[in-house]
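> Output the structure for:
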Amino acid sequence: MSYSCPMSFKQIDSNVSRVTSFIVVAFVIAYLYFDAVFILYLIAFDFIMRLFITKDSSVFYMSALLLKDIFNIKDKFVDSGSKRLAAYFGLAFVLMLIVAHSLHSWILTLSIAAIFLSCSLLDVFLDFCLGCKIYYIIKKIYPNFMS
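Predicted coordinates:
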């Protein structure tokens, strides 16, 4: 759900973000299936590229743009600050998965992955971004958050 008043005054295409989330979901599922930690490193690297360098250098972002064009998905612009906070949460989940993997705790890994996949799949299929909802609550309390 998009709010009518942008809070960061920058817009981002929500559908590209959703396709990117779908790609991340696919990679997390691949990690769980193959138990290959390098997949988590790849996801973390991509999040870091999108958050701290430029999203144009992210392979997942470029793939999402290509898939959006192939499937002729329309633009849907939303506030970029909320999607950025959701990406920080995504990076945090991936880092927690890496730590859980290195601790050889399969139950902890599955628990973190289940929460992460649930949040991501809500965004992908229902356009319900939990990180975005948290962002709007924080912005009401701290108006200068992520400004």
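> Which strand or helix spans the spatially most central residue of the chain?
Taking Cα atoms, centre = their mean as the criterion, A87 is the residue nearest the geometric centre of the chain, at 4.2 Å. Assessed by DSSP states H and E, A87 sits inside helix 80-102.
> Follow the chain on from that helix and name the next helix or strand.
Once helix 80-102 ends, the next helix or strand along the chain (criterion: DSSP H and E) is helix 106-126.
> Pull out the buried positions in that next one.
By neighbour count, and taking 16 or more other Cβ atoms under 10 Å as the criterion, the buried residues in helix 106-126 are T109, I112, A113, F116, L117, C119, S120, D123, V124. No exception for glycine: its C-beta is placed from N, CA and C like everyone else's.
> wait, which of those residues is closest to I43?
Top of the list for closeness to I43, among those and by Cβ to Cβ, is F116 at 10.1 Å.
> check which helix or strand covers V78.
With secondary structure defined by DSSP H and E, V78 is part of strand 77-79.
> Mind giving me the packing neighbours of that strand?
Judged by 3 or more Cβ pairs under 8 Å, 6 or more residues apart in numbering; DSSP states H and E, strand 77-79 is in contact with strand 11-13.
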